[in-house]
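> starting from these lines, generate the structure:
(one chain, ligands or ions: 2)
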Amino acid sequence: MWHPLSVSPVVEAWSAYRTSTASQWKPRDLVRAKRTSTVSVVLPARDEQDTVGEIVRTIRRHLVEQEPLVDEVIVVDSRSADQTARVAGEAGARVVDQDEMTRGLPRLEGKGDALWAGLAAARGDIVAFIDADLREFRPHFVTGLLGPLLADPSVVYVKGFYHRPLEATADTERDGGGRVTEIMARPLLNLLWPELAGFVQPLAGEYAGRRAVLEQLPFVSGYGVELAMLIDLLDTVGLDALAQVDLGERHHRHQSTEALGRMAAQILYTAWSRLHRQGTVAQSEPAAGALTQFRRGGEDALPGLGREVVVHDVSVRERPPLALMRADLALHSDLSLRSAVS
Ligand SMILES: O=c1ccn([C@@H]2O[C@H](COP(=O)(O)OP(=O)(O)O[C@H]3O[C@H](CO)[C@@H](O)[C@H](O)[C@H]3O)[C@@H](O)[C@H]2O)c(=O)[nH]1
Ligand SMILES: O=C(O)[C@H](O)COP(=O)(O)O
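Ligands and ions are numbered 1, 2, ... in the order given. Next up is the predicted model:
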């Protein structure tokens, strides 16, 4: 069932990656394979009113109404300032508010916390995560992620990969996208966690896992969440329980280079936390949790510098594994509804 993926000898020595292509997983076959399992799709979304509706509608049309594969589509509204929640609700999603789900707990920032809230709200035994800024979204993004989990009980987590065009205003660089991945995350993984170097898109926001396992993992706040998840899965379930699937090509909203710098800094901060846990570095925190950037012009440009000095907190924190938090969450969520599907 798996095609061997030829990777570096370092990686091959560790394990053969379980790789498949989305087209081999047909919705009808998956519905049959699903039996009594339940499936949730979770979309973390901050200010995604332009794209979230179409993604939700596509999943619902193809994988809820035409084929009963997906049991619920959840959009986590991650402190959006736009109409994300309304648009998602009108498209048929169950909309969950990040702050409402985490009420009474310390406030954390960013995508990782939205994912944790989504996992807390999800009722399926399999949970697939899909970014809400995708364009030209097709249902094979979901079926590709679910296929390996439904076909093989030994698989606990599936990571998507794809080509990533970099779409600038004038032209498109076919594989120019994934800039943080290529310039920072991939070199970092090869250097420090070579067992994970065979993941084609280690930062992909499209992945699925068994909820029982996901609930055993801490969720790092912000953009460190994907890197931490891979490292933590490697530690807890091992490489053989992880798979990846070719989803073709992915189009999304590109962030500015400056914003990607902050993303990269969060990912590095996250890597430090894992190095500390494994005893590679002694200090629990890096020397600084701030990133200084220089922005052209701006009202606060320093005289003689012509640039504004911009400082952001890029430290990350983490939510404990959800399995440890059920009692607290039950106070203000509808987790009790789980009995309806389990
Ligand atoms: O505070 C936030 C920030 C982002 N998002 C959502 O998270 C998804 C991905 O965020 P985005 O800013 O589009 O990330 P990318 O620039 O696409 O970054 C890539 O790399 C990140 C770091 O690993 C991953 O988290 C992303 O999924 C992956 O697509 C989108 O649906 C966002 O709306 C939130 O829900 N809350
Ligand atoms: O995953 C990444 O590397 C970042 O999201 C940047 O992606 P982009 O270069 O396609 O915008």
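> ligand 1 contacts on the stretch 151-300 of the chain?
203, 205, 223, 226, 252, 255, 263 (CB under 6 Å from any ligand atom). (C-beta placed from N, C-alpha, C; glycine too.)
> against residue 183, how distant is the last one?
This points to residue 263. Counting by CB to CB, to the nearest Å, the gap from residue 263 to residue 183 is 11 Å.
> so between those two, which is more surrounded?
Applying other CB atoms under 10 Å to residue 263 and residue 183 shows that residue 263 carries more neighbours, namely 21 against 12.
> what's the helix or strand for the residue of the stretch 151-300 of the chain found nearest ligand 1?
Minimum separation of the stretch 151-300 of the chain from ligand 1 (CB to the nearest ligand atom) falls at residue 205, amounting to 2.3 Å. Residue 205 belongs to no helix or strand when assigned by DSSP states H and E.
> what residue in the chain comes nearest to ligand 2?
Per CB to the nearest ligand atom, residue 177 is where the chain lies closest to ligand 2, at 3.0 Å.
> what's the pLDDT at that residue?
pLDDT, residue 177: 89.
> quick check: the residue of the stretch 151-300 of the chain closest to ligand 1 touching residue 128?
No. Counting by CB atoms under 8 Å, residue 128 is not a contact partner of residue 205; they are 11.0 Å apart.
> so these two - more neighbours on which side?
Legend: neighbour count by other CB under 10 Å for residue 205 and residue 128, higher for residue 128 (27 against 21).
> if we can go back for a sec, strands - which of the residues of the stretch 151-300 of the chain next to ligand 1 land there?
Within those, residues falling in strands by DSSP state E are residue 252.
> buried members of the residues of the stretch 151-300 of the chain next to ligand 1 into PyMOL, please.
The PyMOL command for the buried members of those (criterion: 16 or more other CB atoms under 10 Å) is given here:
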select buried, resi 203+205+223+226+252+263
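> JSON lines please, covering the residues of the stretch 151-300 of the chain next to ligand 1 and showing distance to residue 326.
Below are those laid out as JSON lines (distance: CB to CB, whole Å):
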{"residue": "203", "distance to residue 326": "29"}
{"residue": "205", "distance to residue 326": "26"}
{"residue": "223", "distance to residue 326": "26"}
{"residue": "226", "distance to residue 326": "24"}
{"residue": "252", "distance to residue 326": "33"}
{"residue": "255", "distance to residue 326": "35"}
{"residue": "263", "distance to residue 326": "31"}
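> now, the most widely separated pair of the residues of the stretch 151-300 of the chain next to ligand 1?
Spanning the widest gap among those are 226 and 255, at 15.0 Å by CB to CB.
> what is the end-to-end distance of stretch 93-113?
For stretch 93-113, the first-to-last residue distance is 19 Å (CA to CA, to the nearest Å).
> now it: buried residues?
So, applying 16+ other CB under 10 Å, buried residues of stretch 93-113: 93-98, 101-102, 105, 108-113.
> go through those and say which is closest to residue 142.
residue 93 (13.5 Å).
> hmm, residue 42 and the closest one touching each other?
No. Between residue 93 and residue 42 there is no contact under CB under 8 Å: 9.8 Å.
> hey, what's in contact with both of these two?
74, 75 (CB atoms under 8 Å, 6 or more residues apart in numbering).
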